[in-house]
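Peer 1: give me a model of this one.
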Amino acid sequence: QVQLVESGGGLVQAGGSLRLSCAASGRSFSSRAMGWFRQAPGKEREFVAAIAWSGANTYYADSVKGRFAISRDNAKNTMYLQMNSLKPEDTAVYYCAAAPTYYYSSSRANAYDSWGQGTQVTVSS
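Peer 2: The predicted model follows:
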């Protein structure tokens with residue numbers, strides 16, 4: 001497993017932008033598919049985006065496609081989520097997650113074995 005720490009959350013008006021970061025410890029980051037999930041109050045955790053360990057492939061939930069962009073810098077052991085055109089329904093705690101080494105990226109939460117503590121994103125209308 002790796003230790004993951006998210007940052008970059010905050011309060012933003014609808015239509016605004018935020019960039020989340022997920023810093024990973026350990027030497028296996030570049031071998032792990034990574035994902036972003038979110039959980040709004042009273043709702044189940046849902047998939048947002050995922051990226052292959054090489055960064056060559058990315059995947060998005062339909063609700064964020066065209067507005068969010070996932071990326072990674074393996075030299076910095078860091079993953080990012082650029083969120084544009086934010087909507088009030090994007091309000092949630094955002095979590096980053098790491099899959100076991102050389103596993104495929106996935107939209108399923110149970111495919112990931114390491115999780116960060118989460119960062120709050122609040123979008124006001």
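Peer 1: can you pull out the helices in the chain?
Peer 2: With DSSP state H as the criterion, the chain has no helices.
Peer 1: point out where it drops to low pLDDT.
Peer 2: Within the chain, no stretch has pLDDT under 70.
Peer 1: if we go to 90?
Peer 2: Within the chain, the stretches with pLDDT under 90 are 1, 26-27, 54-55, 101-105.
Peer 1: V64 touches A49, doesn't it?
Peer 2: Yes. V64 lies in contact with A49 (CB atoms under 8 Å); the separation is 6.6 Å. For glycine as for every other residue, the C-beta is placed from the backbone atoms N, C-alpha and C.
Peer 1: neighbour-wise, which of those two wins?
Peer 2: Per other CB atoms under 10 Å, whichever of V64 and A49 has more neighbours is A49, with 25 against 22.
Peer 1: how about the more buried one: which residues does it bridge to?
Peer 2: Note on A49: beta-bridge partners W36, Y60, judged by DSSP bridges.
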